[in-house]
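Q: build the 3D model from these lines:
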Amino acid sequence: MGRIFKTPEDDSTEATLRALHTQNTLDNYYEKGIGWIRTILFTILGMMFVSLWENITGESLWVNTVEWFWNKVEDFGNWVLGWLDG
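A: Modelled structure (predicted):
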């Protein structure tokens, strides 16, 4: 008799469940491994794309992002001051 089911006719069910569990475990390892490989690969590709873009255009994506954010902060500050004066 099996560990899970306590009747002799349930041995095939237990064997099926054990096989499914083993396959599920292997699938999980595969997905985690491929997931990390994809993450690293796409991160490197993204870095290369940004570097190429900055090299072609002569503009810094980081500087443009910081300037955009700072302009939004200034606009919000001016809106708050106008609302308080108002």
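Q: where along this structure do the helices fall?
A: Using DSSP state H, the helices of the chain run over residues 11-57, 61-85.
Q: can you put the ones you listed in CSV and add mean pLDDT?
A: Formatted as CSV, these follow (pLDDT from 0 to 100):
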stretch, mean pLDDT
helix 11-57, 87
helix 61-85, 94
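Q: turn those into a markdown table, including mean neighbour count.
A: Backbone N, C-alpha and C define where each C-beta goes, glycine included. Compiled in a markdown table, the helices of the chain are given as follows (neighbours: other CB atoms under 10 Å):
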| stretch | mean neighbour count |
| --- | --- |
| helix 11-57 | 11 |
| helix 61-85 | 10 |
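Q: pull up the gap between the most centrally placed residue in the chain and Met48, please.
A: What sits nearest the mean C-alpha location of the chain, by CA atoms, centre = their mean, is Thr39, with 7.4 Å. According to CB to CB, to the nearest Å, Thr39 stands 15 Å off from Met48.
Q: now do Thr65
A: From Thr65 to Met48 the distance is 18 Å (CB to CB).
Q: same deal with Val73?
A: For Val73 relative to Met48 (CB to CB), the value is 31 Å.
Q: next: Gly35.
A: With CB to CB as the criterion, Gly35 and Met48 are 20 Å apart.
Q: just Lys32 next, same as before
A: Counting by CB to CB, the gap from Lys32 to Met48 is 25 Å.
Q: now do Trp79
A: When Trp79 is compared with Met48 (using CB to CB), they lie 39 Å apart.
Q: just Ala15 next, same as before
A: 49 Å.
Q: and stretch 50-66, C-alpha only, in PDB?
A: Listed next in PDB are the C-alpha coordinates belonging to stretch 50-66 (Å, rounded to 0.1, in the frame of the first residue of the first chain):
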ATOM      1  CA  VAL A  50      20.300  53.100 -23.600                       C
ATOM      2  CA  SER A  51      24.000  53.400 -24.200                       C
ATOM      3  CA  LEU A  52      23.500  53.300 -28.000                       C
ATOM      4  CA  TRP A  53      20.700  55.900 -27.800                       C
ATOM      5  CA  GLU A  54      22.800  58.200 -25.700                       C
ATOM      6  CA  ASN A  55      25.800  57.700 -28.100                       C
ATOM      7  CA  ILE A  56      23.700  58.400 -31.200                       C
ATOM      8  CA  THR A  57      21.700  61.400 -29.900                       C
ATOM      9  CA  GLY A  58      24.300  62.900 -27.700                       C
ATOM     10  CA  GLU A  59      21.800  63.300 -24.900                       C
ATOM     11  CA  SER A  60      21.900  61.700 -21.500                       C
ATOM     12  CA  LEU A  61      18.700  59.800 -20.700                       C
ATOM     13  CA  TRP A  62      19.600  60.100 -17.000                       C
ATOM     14  CA  VAL A  63      20.000  63.900 -17.100                       C
ATOM     15  CA  ASN A  64      16.700  64.300 -19.100                       C
ATOM     16  CA  THR A  65      14.800  62.100 -16.600                       C
ATOM     17  CA  VAL A  66      16.200  64.100 -13.600                       C
END
